[in-house]
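Take this sequence and fold it.
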Amino acid sequence: MASGLMCARPSCSWGVVQKTVGCSRSTISKAVRFAGRTTRAPALASTPASLSVTVILWLHVENGSKFTRGKKRVREDVGSLVTRFYDSTKLNDAEYRLVIRYANDADLKERLDGLLHEICHLADLRNCVVDDISVKNEANGLYWDECDGGWK
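Predicted structure coming up:
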């Protein structure tokens, strides 16, 4: 039932999906259920974007408690997220240079808010917290203000 969502071919089974993804059946089932409840950020290639901005994304991730581990996986997940959806370069463990394409200011705000929300969500899934996160416009040195949704 849920394996049909993961693989378009009828020959796919839970075992094939588990080997491909590299996790257990319960994890896949939870991910499929969770994906049905959440809204996804719009794909960057689907919207015609005429403007772009180069930003430096810096984040500091910590474990949620002394009994949890997962900082490394959160950093890996964030790295794969920004690599998959943005033209990005990893500067060090905590910094990425991203090129964000957008159509207008409202679209830029939506994309950055979606990115920040997704990063915090990835950390939460691994029982970690994002202690600090900043988005700096590389051209003018201004930082993104999450509350107002603009450069300050």
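
what ranges do the helices span in this protein?
For the chain, the helices identified by DSSP state H occupy 3-6, 14-21, 25-37, 71-85, 105-125, in order along the chain.

weakest of the ones you listed in terms of mean pLDDT?
Of all the helices of the chain, helix 3-6 carries the lowest average pLDDT, namely a mean of 47.

Serialize the helices of the chain to JSON lines and add fields for distance to Ala139 and mean neighbour count.
(Each C-beta comes from the backbone N, C-alpha and C, glycine too.) JSON lines is the format used below for the helices of the chain (distance: least, C-beta to C-beta, whole Å; neighbours: other C-beta atoms under 10 Å):
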{"stretch": "helix 3-6", "distance to Ala139": "41", "mean neighbour count": "14"}
{"stretch": "helix 14-21", "distance to Ala139": "39", "mean neighbour count": "13"}
{"stretch": "helix 25-37", "distance to Ala139": "36", "mean neighbour count": "12"}
{"stretch": "helix 71-85", "distance to Ala139": "19", "mean neighbour count": "16"}
{"stretch": "helix 105-125", "distance to Ala139": "13", "mean neighbour count": "17"}
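
Kindly reformat those helices as a markdown table containing distance to Glu138.
Shown next, in a markdown table, are those (distance: least, C-beta to C-beta, whole Å):
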| stretch | distance to Glu138 |
| --- | --- |
| helix 3-6 | 38 |
| helix 14-21 | 35 |
| helix 25-37 | 33 |
| helix 71-85 | 15 |
| helix 105-125 | 14 |
